[in-house]
Each structure stands twice: as structure tokens, then as C-alpha cells.
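Asks: Take this sequence and fold it.
(one chain, ligands or ions: 1)
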Amino acid sequence: MILDGKNVASKILTQVKDRVDSLNIKPHLVVILVGDNSASKIYVNNKKLAAEKIGIKSSIIEFPETISEETLLKKINELNNNPEVTGILVQLPLPNHIDKNKVVMTISPKKDVDGFTPENVGRLAIGLKPYYYPATPQGILMLLDEYKIPVEGANAVIIGRSNIVGKPMAQMFINRNATVTICHSYTKNLEDKIKTADIVVSAVGKKIVRCKMVNNNSVIIDVGIFKDVNGKLTGDVDFNLVEPTVKYISPVPGGVGPMTIASLMYNASIIYS
Ligand code: GUN
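Replies: Here you go, the predicted model:
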């Protein structure tokens with residue numbers, strides 16, 4: 001069965017719109033884009049379009065690749081102190097001369113709609129509610145919940161250990177009482193680990209999940225999105241061969257991508273004073 005992220009995302013966006021309509025203050029999401037990364041430009045524009053559709057004000061601040069770290073940090077501090085700005089997102093990756101961690105650490109945790117700051121990551125880790133949960137793992141849980149796929153007690157295998165997806169996904173699965181295995185490029189016997197999983201979340205960015213690794217009960221969540229040799233958008237999973245074998249699978253496109261946007265919009269609708 002296909003996990004229809006597009007459809008579920010649209011339902012969530014309708015709910016978020018109702019929430020936004022009922023607020024006294026209009027949320028204002030500021031997205032900072034540094035440089036000319038073409039994928040980042042598309043992501044940032046998609047976020048802006050989604051925000052506008054549901055009544056969230058959204059601004060994109062573009063800086064050239066050559067911007068200094070100091071100027072960027074100064075801008076973030078300015079936005080932190082601007083009460084009219086309720087959410088701040090710095091699109092990653094950043095150029096090499098800028099310390100990504102320093103940038104993330106500068107964002108006020110109460111405006112950190114990505115949930116990437118040490119305070120929000122730490123809160124998640126010690127079982128305190130963060131101000132915001134990272135959008136992609138939160139969106140994946142929303143998708144699993146919509147299809148009533150049990151997380152409690154499930155063996156969840158995550159492929160990829162990024163700060164954006166793998167690590168927060170693991171933490172959020174643990175908090176939902178799943179048994180979690182995180183796999184990465186040094187993992188031995190990846191195939192055996194995936195085979196025994198109830199839920200597989202793949203966030204690698206290359207074709208890695210093959211038909212022989214899955215079973216009739218597998219739930220496969222494909223976070224990867226990249227262009228294949230023919231320029232066609234594809235994910236980490238060999239969809240055509242895996243889909244007939246497994247219980248549930250999220251497609252690319254139309255799976256995790258729209259859920260991430262809906263989940264981010266949910267975050268952007270939360271305002272802390
Ligand atoms: N780059 C890829 N995914 C993300 C994300 O979720 N947030 C930010 N800020 N940058 C990203």
C-alpha cells in the first residue's frame with residue numbers, strides 16, 4: 001500500500017490554516033538562503049508558497065555565497081530581536097567558510113522552526129518537550145500515525161545519521177517506545193538489519209534499499225530525493241521492485257517531501273512570546 005504523503009499533507013495544511021486563521025497574531029517565517037544551490041532555492045520557494053497558501057507571512061532573505069559569518073550572525077540576531085518575526089529558518093547547506101553550528105546556535109530556540117538548536121535538540125534528548133520538533137521526522141510520524149502504523153514496540157531501522165533526519169528520527173522513535181537501530185556507511189550487514197525491521201527510514205541520497213532486503217510486513221519510508229541518470233526524481237528505494245513485496249511504502253515524489261513541508265508549516269504556526 002502506498003503512503004500518500006501528498007494527500008495527508010494537504011489534510012494537515014487545511015488544519016494548520018484553520019489554526020492560523022484563529023490566531024490573533026499572523027505568524028511570520030523568515031527563511032535565509034545563502035548562495036546559489038539550485039536544490040536549496042527550490043526548497044525555499046516551496047516553503048514560501050506553502051506558507052502563503054495558509055496565511056503565514058513568509059520572507060526570503062538571500063545572501064551571496066561570499067557573505068561573512070559575522071554578517072550572517074548579525075542578521076540572525078536582528079531577527080531574534082524583532083517581535084514581528086515568529087520563525088527563523090536558515091536553509092542548509094551553508095558555504096564552507098561559515099560554521100554551520102555557530103549559525104544554528106545563534107537562532108533563538110523559540111523561533112527555531114527547524115528544531116536544530118542545542119536547546120531544542122537537548123530538550124528532545126532528555127524527554128522535555130522541545131519548542132519545535134525537526135520537520136522531516138515529525139512529518140514521518142504524522143504519516144505513520146495517519147495510517148495507524150504502530151510505532152510502539154516496533155523495530156525501526158534508520159539509514160543515515162544526519163542532524164536533520166537520522167538523529168532526530170531516532171530520538172523521536174525512542175520517545176514513542178520503538179527499538180531503534182541507526183545504520184550508516186560503516187554499518188556491517190546492512191541487509192540483515194533492514195530485513196528484520198518493521199519500519200525502515202532511509203535518508204541517504206543514493207539507491208540503497210533493494211527488494212532482497214525487505215519482507216511482506218516492512219513499512220518503508222523513503223526520505224531520499226535526487227535525480228537519476230535520466231534526470232528523473234527518485235529516492236533511496238528501488239520502488240518498482242520493492243513496492244509489490246512490502247506492506248507500506250512512501251513514494252518519491254509525493255511521500256516524505258510534502259509531509260516535511262506540512263510539518264514545517266505546523267511548526268511555523270506555533271508562536272512563542
Ligand atoms: N536542508 C535540507 N533539509 C533542510 C531542513 O529541513 N532545514 C534546513 N534549514 N535546511 C535543510
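Asks: Name the residues that touch stretch 107-114?
Replies: 29, 76, 79-80, 85-90, 104, 116-117, 119-120, 130-132, 134-135, 164, 264, 267-268, 270, 272 (Cβ atoms under 8 Å, 6 or more residues apart in numbering). Every residue, glycine included, has its C-beta placed from N, CA and C.
Asks: OK, contacts around the closest residue to the ligand within the stretch 151-273 of the chain?
Replies: Nearest residue of the stretch 151-273 of the chain to the ligand: Ile164, at 5.0 Å (Cβ to the nearest ligand atom). Ile164 makes contacts with 92, 114, 116, 134, 136, as judged by Cβ under 8 Å, 6+ apart.
Asks: element containing it?
Replies: Of the helices and strands defined by DSSP states H and E, none includes Ile164.
Asks: quick one: it from Lys74, how far?
Replies: 25 Å (Cβ to Cβ, to the nearest Å).
Asks: And His97, by the same measure?
Replies: Counting by Cβ to Cβ - His97 and Lys74 are separated by 16 Å.
Asks: which stretches of the stretch 101-250 of the chain form strands?
Replies: Ranges of strands within the stretch 101-250 of the chain are 155-159, 179-183, 199-202, 219-222, 226-227, 233-234, 248-249, based on DSSP state E, counting those that start in this stretch.
Asks: Return the list of strands paired to the fifth one, each annotated with direction.
Replies: Looking back up the chat, that one is strand 226-227. Paired neighbours of strand 226-227 in the sheet (DSSP bridges): strand 233-234 (antiparallel).
Asks: can you check the third one too?
Replies: The strands that strand 199-202 pairs with in its sheet are strand 155-159 (parallel), strand 219-222 (parallel) (by DSSP bridges).
Asks: Need the CA coordinates for the first one. CSV is fine.
Replies: Right, the one you point to is strand 155-159. Taking Å, rounded to 0.1, in the frame of the first residue of the first chain, the C-alpha atoms of strand 155-159 are listed here in CSV:
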residue,chain,number,x,y,z
ASN,A,155,11.9,-2.4,15.3
ALA,A,156,12.8,0.8,13.5
VAL,A,157,15.9,0.9,11.3
ILE,A,158,17.1,4.3,10.2
ILE,A,159,19.7,4.5,7.4
